[in-house]
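# Need a 3D model of the following:
(chains A and B)
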Amino acid sequence: AQSVAQPEDQVNVAEGNPLTVKCTYSVSGNPYLFWYVQYPNRGLQFLLKYITGDNLVKGSYGFEAEFNKSQTSFHLKKPSALVSDSALYFCAVRRDTGFQKLVFGTGTRLLVSP
Amino acid sequence: SAVISQKPSRDICQRGTSLTIQCQVDSQVTMMFWYRQQPGQSLTLIATANQGSEATYESGFVIDKFPISRPNLTFSTLTVSNMSPEDSSIYLCSVGTSRYEQFFGPGTRLTVL
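I've put the predicted structure just below:
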């Protein structure tokens, strides 16, 4: 069965500094990996995905994520954080076969201070 | 991507009543899903809404409690039946627009008193 771990409940970073939100996964076979962001009182917004190919994936709002197969990780990164990036971030995984059932991590709250 | 709308956006309901949540997509999609996000928790898949057949429920979720309809490729409903305070959650509709991507609606915030 698939699983996702987001080891940090909250990440604090100052505006302008780089940010990293960690995610590790477990799946049999090849993974499809996703990052979503949830702003207060809003649904989930798709940020980026890894399916195959280049290990560095670029997404919306300047975010990127690095797929590391040996470490089974898919950390979300941004070179320079904005206060408006403050939100709840979810990592998700599914297998590369079958229907599109996503398994989500528990979420990491990102707080960017001015 | 797909534009997904949900109605209602929020509701406060009394224990023992039922609420039907609607999900409308602006284009035809094959896969539609319903998720639950309990307060402070991650998302849990309730069921896959299948067009023209019964929904496929995940472990821990049953049709009597969460009946789902999918009359066509752009619309689905989820009913939360005989509600209790434990059903207070955000309910999210999701669609798969391709093999790789899944998009979410804005959610319905349900509070049961």
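# ok, how many other residues are close to residue 105?
You didn't pick a chain, so chain A it is. Neighbour count of A:G105, defined by other Cβ atoms under 10 Å in any protein chain shown: 25. Heads up, the C-betas are built off the backbone N, CA and C, glycines and all.
# should've been chain B
B:G105: 27 neighbours (other Cβ under 10 Å).
# Next: A:V57.
21.
# so who does it touch?
A:L48, A:K49, A:Y50, A:E64, A:A65, A:E66, A:F67 (Cβ atoms under 8 Å, 6 or more residues apart in numbering or on different chains).
# Widest-spaced pair of these?
The span of the contacts of A:V57, defined through Cβ to Cβ, is set by A:K49 and A:E66 at 13.1 Å.
# Was I right to think A:G107 contacts A:L88?
Yes: counting by Cβ atoms under 8 Å, A:L88 is a contact partner of A:G107 at 5.0 Å.
# what residues do the two have in common as contacts?
Joint contacts of A:G107 and A:L88 (Cβ under 8 Å, 6+ apart) are A:Q38.
# Which of these two has more residues huddled nearby?
Between A:G107 and A:L88, counted using other Cβ under 10 Å, A:G107 has the larger neighbour count: 23 against 18.
# Could I get the pLDDT score of the more buried one?
The model reports A:G107 with a pLDDT of 95.
# And it, how far from A:K78?
17 Å (Cβ to Cβ, to the nearest Å).
# Ok, A:N55 next?
The value you get for A:N55 to A:K78, if Cβ to Cβ is used, is 17 Å.
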